[in-house]
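# got a predicted structure here, sequence first:
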Amino acid sequence: MKKDLPSVFSNPIEKEIKNNTEYYYGSLNSNREIKEKNIMQEINHIFASKDFVYKKQIRVTTIDNSFDVTLVGRNSSSLLTLDNKSIPISSITDIEVLN
């Protein structure tokens, strides 16, 4: 009981189809300007802002890893967090406010 399917005619394609991009021109060199961040200016800006009263949610990127903490204070060489941890300022590569 095999069912016979109707035959289908397809026209042969004899020309080149150009609906896809064949070439990509890119550059390995980036002309983007890398802006060096001053970490101390960023920290001073966080503590001088009007919405910093006692604590602030921040994301800290250090040489080793990145993590989210609640910042409550600082001294001359480190930042102090709500969970009694001290983050040395010399190891910080980037800092940003989360709220």
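That came through, no problem. Numbering: from 1, shown residues only.
# and for residue 43, the neighbour number?
Applying the criterion other C-beta atoms under 10 Å, we find 17 residues in the vicinity of residue 43. Every C-beta, even on glycine, is put in place using the N, C-alpha and C of the backbone.
# next one: phi and psi at it?
Note on residue 43: backbone dihedrals following degrees, to the nearest 10 are phi -70, psi -40.
# hang on, it packs against residue 75?
No - counting by C-beta atoms under 8 Å, residue 75 is not a contact partner of residue 43; they are 11.3 Å apart.
# so where do the helices sit in the chain?
Counting by DSSP state H, the chain has these helices, from start to end: 39-48.
# shaky segments in it?
Counting by pLDDT under 70, the chain has low-confidence residues at 1-2, 20-36.
# what about the nearest residue to residue 60 once chain neighbours are set aside, distance to residue 65?
Leaving aside its sequence neighbours, residue 60 sits nearest to residue 95 (C-beta to C-beta, 6 or more residues apart in numbering; 5.5 Å). Distance check for residue 95 against residue 65: by C-beta to C-beta, to the nearest Å, it reads 14 Å.
# more crowded one of the two?
Between residue 95 and residue 65, counting by other C-beta under 10 Å, residue 95 is the more crowded of the two (20 against 7).
# which stretches of this structure form strands?
56-62, 66-74, 78-81, 86-88, 92-97 (DSSP state E).
# deepest of these, which one?
Highest mean neighbour count among these (mean count of other C-beta atoms under 10 Å): strand 78-81, with a mean of 18.
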